[in-house]
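A.B. asks: return atomic coordinates for the entry below.
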Amino acid sequence: MTTAPSPDKFTRIVTTLRCVRALISSKKSIAQGRLTMLSSVILFIKNF
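C.D. replies: Numbers count the residues shown, from 1 in each chain. Presented below is the predicted three-dimensional model:
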């Protein structure tokens, strides 16, 4: 953990993963969950 790029980046990663997990668990359809995960991953990559 000492070689982490920056605490802000790490916090953003953790927050994004938590949001993705919460969205997928709340979705009833698996396809919708996959779509949500894909779009959030794309947004996540664009932020870097």
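A.B. asks: for residue 23, the count of nearby residues, please.
C.D. replies: Neighbour count of residue 23, defined by other CB atoms under 10 Å: 15. All C-beta spots, glycine's among them, are computed from the backbone N, C-alpha and C.
A.B. asks: try residue 11
C.D. replies: Applying other CB under 10 Å, I find that residue 11 has 10 neighbouring residues.
A.B. asks: any idea of the mean pLDDT for whichever strand or helix holds it?
C.D. replies: Using DSSP states H and E, residue 11 sits in helix 7-26. Across helix 7-26, the average pLDDT comes to 82.
A.B. asks: do the same with stretch 37-47
C.D. replies: Stretch 37-47 comes out at a mean pLDDT of 84.
A.B. asks: starting at the chain centroid, how far to it?
C.D. replies: Offset of stretch 37-47 from its chain centre (CA atoms, centre = their mean, to the nearest Å): 7 Å.
A.B. asks: cool, and stretch 9-18?
C.D. replies: Put simply, stretch 9-18 sits 7 Å off its chain's centre (CA atoms, centre = their mean).
A.B. asks: my guess is residue 12 contacts residue 47. True?
C.D. replies: Yes - if you go by CB atoms under 8 Å, residue 12 and residue 47 touch, sitting 7.3 Å apart.
A.B. asks: the more surrounded of these two?
C.D. replies: residue 12 (14 against 9).
A.B. asks: contact partners for the more buried one?
C.D. replies: Contacts for residue 12 were tallied using CB atoms under 8 Å, 6 or more residues apart in numbering; they are residue 47.
A.B. asks: gap between it and residue 41?
C.D. replies: 13 Å (CB to CB, to the nearest Å).
A.B. asks: and what of residue 11?
C.D. replies: Distance from residue 11 to residue 41, by CB to CB: 18 Å.
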